[in-house]
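# generate coordinates for the sequence data below:
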Amino acid sequence: MAPAMDQSEQAALEREREAFWGLLAAQETKLYNFLLKASNYSAESADLYQEVVLRAWKYFPSFDRGRSFPAWIFAIAHNEIRSHFNRCRRERAVIPMAELAQEPAAIAVDPDVALVLEAARRLPDRQRVVFFLFYYNRFSVAEVAAACGLSQGNVKFILNRGREAVRLALEAGHEK
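Below you'll find the predicted structure:
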């Protein structure tokens, strides 16, 4: 049996808990929306969110308070999304027809914004994640690079590719 914690240890644990939940509260909506978009509006986004929060809580004692909490937690989210997609690829090589028929609810009222979001939703995994971190979550190139484990040059390259793909999709949509 573990020895009982003294009052100073309990107070330190309580301060740690309050610090974590305070920092998380400021990022909660952005983080959930990022996971929702990065997972293509999958029903599993809530599970991904829980996994990210659990992982962040587990490793919070090792978090360097001198660094950016949003970049740190979004790096955890990015890694969790990558793990999720890798698991999905292994678990099912074929997507069931019922899943293909499902369409998410309308994203935005403004038709132009809806067109851009729909085009961005169709980007490959990495481009979609970088695109939404940069444009939706308003991360800087440096923050996206830190969150995704990429160089800033690579982030700029991926953003250019993503912007070009969205532009082409929008042009193709206007020609119809």
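
# can we go C-alpha only for contacts and neighbour counts from here?
Fine.

# for the top helix by length along the chain, which positions count as buried?
As assigned by DSSP state H, the longest helix anywhere in the chain is helix 7-38. Across helix 7-38, burial judged by 16 or more other Cα atoms under 10 Å covers Phe20, Leu24, Gln27, Lys30, Leu31, Tyr32, Asn33, Phe34, Leu35, Leu36, Lys37, Ala38.

# now tell me which helix or strand of this structure has the poorest mean pLDDT.
One helix or strand of the chain scores below all others by mean pLDDT, DSSP states H and E: helix 97-101, with a mean of 47.

# after it, which helix or strand is next?
Per DSSP states H and E, the first helix or strand lying C-terminal to helix 97-101 is helix 111-121.

# so which elements touch that following helix?
Here helix 111-121 touches helix 125-131, helix 152-175, going by 3 or more Cα pairs under 8 Å, 6 or more residues apart in numbering; DSSP states H and E.

# any chance of CSV for those, columns distance to Ser68, mean neighbour count and mean pLDDT?
Compiled in CSV, those are given as follows (distance: least, Cα to Cα, whole Å; neighbours: other Cα atoms under 10 Å; pLDDT from 0 to 100):
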stretch, distance to Ser68, mean neighbour count, mean pLDDT
helix 125-131, 18, 22, 88
helix 152-175, 17, 15, 87
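
# which among the ones you listed is found nearest to Val52?
When the helices and strands packed on helix 111-121 are compared by Cα to Cα, helix 125-131 sits nearest Val52, at 15.3 Å.

# closest to Arg126 among the buried residues of helix 7-38?
Nearest to Arg126 among those: Ala38, at 8.9 Å, using Cα to Cα.

# hang on, that closest one packs against Arg128?
Yes - using Cα atoms under 8 Å, Ala38 is in contact with Arg128, at 6.4 Å.

# got the phi and psi for Phe60?
phi -60, psi -40 (degrees, to the nearest 10).

# how about low-confidence regions in this protein?
For the chain, applying pLDDT under 70 flags the ranges 1-5, 88-110, 174-176.

# got a list of what Leu150 touches?
Val144 (Cα atoms under 8 Å, 6 or more residues apart in numbering).

# which element is it on?
Counting by DSSP H and E, Leu150 is found in no helix or strand.
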